[in-house]
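[1] make a model of this:
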Amino acid sequence: MTLDLALQFGEFPGVAAHRALLTKARVKRWMAIALKNPGEISVRIVGEDEGRALNRQYRRKDYATNVLTFDYAQQPVVSADLVLCGPVVEREAREQGKSLEEHYAHLLVHGTLHAQGYDHERGEREAMEMEAVEILLLAALGIANPY
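    Numbering: from 1, shown residues only. Sure, this is the predicted structure:
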């Protein structure tokens, strides 16, 4: 699927390692597999302060979360912004025994699905459906079940 991707990095300790891992080609490959329609998506990797401020402002939750999805349109083109908090993603990967690469791939697929209307917080059935789609997409990328 066609994806017009903008990739940005904020400032945070260790950002160079995230920047080296998250090449535009790699991020585009992970996200494109999850798209049903062409996409225009911006991805920004941020530190904990920026992640927390955005989560507080838009979700009324006072902590930095792993990924925030701001979806604007789903058709004819998926239009969205994804914000991932690098330090949170790194900490979760370590705690879950995953590589940073695998965890970023999972969260970028997850955020791309959110941008298309998938929502695991609406109910158990929706959560199971979204997880099943993620598992299949990640398997196509050679990544084991993240759950």
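
[2] backbone phi and psi for the residue lying closest to V109 once chain neighbours are set aside, please?
    Here the nearest residue to V109 in space, its sequence neighbours aside, is A34; by C-beta to C-beta, 6 or more residues apart in numbering that works out to 4.7 Å. C-betas here are computed from N, CA, C, even on glycine. The phi and psi values for A34, taken as degrees, to the nearest 10, are phi -90, psi 0.

[3] give me the neighbour count for A34.
    When counting by other C-beta atoms under 10 Å, one arrives at 26 neighbours for A34.

[4] with L68 instead?
    21.

[5] could you do G47 as well?
    19.

[6] so what's it up against?
    Under the criterion of C-beta atoms under 8 Å, 6 or more residues apart in numbering, the contact list for G47 reads 10-13, 15, 85-87.

[7] V88 too?
    Taking C-beta under 8 Å, 6+ apart, we find V88 in contact with 48, 51, 64-66.

[8] returning to what we had before: hang on, the residue nearest to V109 packs against L113?
    Yes: assessed by C-beta atoms under 8 Å, A34 is found in contact with L113 at 5.6 Å.

[9] need the overlap of contacts for the two.
    By C-beta under 8 Å, 6+ apart, A34 and L113 have these common neighbours: V133.

[10] V83 against A53, yeah?
    No: with contact defined as C-beta under 8 Å, V83 does not count as touching A53 (10.4 Å).

[11] these two: who's more crowded?
    For V83 against A53, the residue with the higher neighbour count under other C-beta under 10 Å is V83, and the figures read 24 against 13.

[12] out of everything not next to it in sequence, what's closest to the more buried one?
    For V83, the nearest residue in space outside its immediate sequence neighbours is L68; the separation is 4.4 Å by C-beta to C-beta, 6+ apart.

[13] and what of P87?
    Excluding its sequence neighbours, the residue lying closest to P87 (C-beta to C-beta, 6+ apart) is E48, at 5.1 Å.

[14] correct me if wrong: that neighbour contacts L84.
    No: E48 lies out of contact with L84 (C-beta under 8 Å); the separation is 11.7 Å.

[15] I appreciate the help and will end here.
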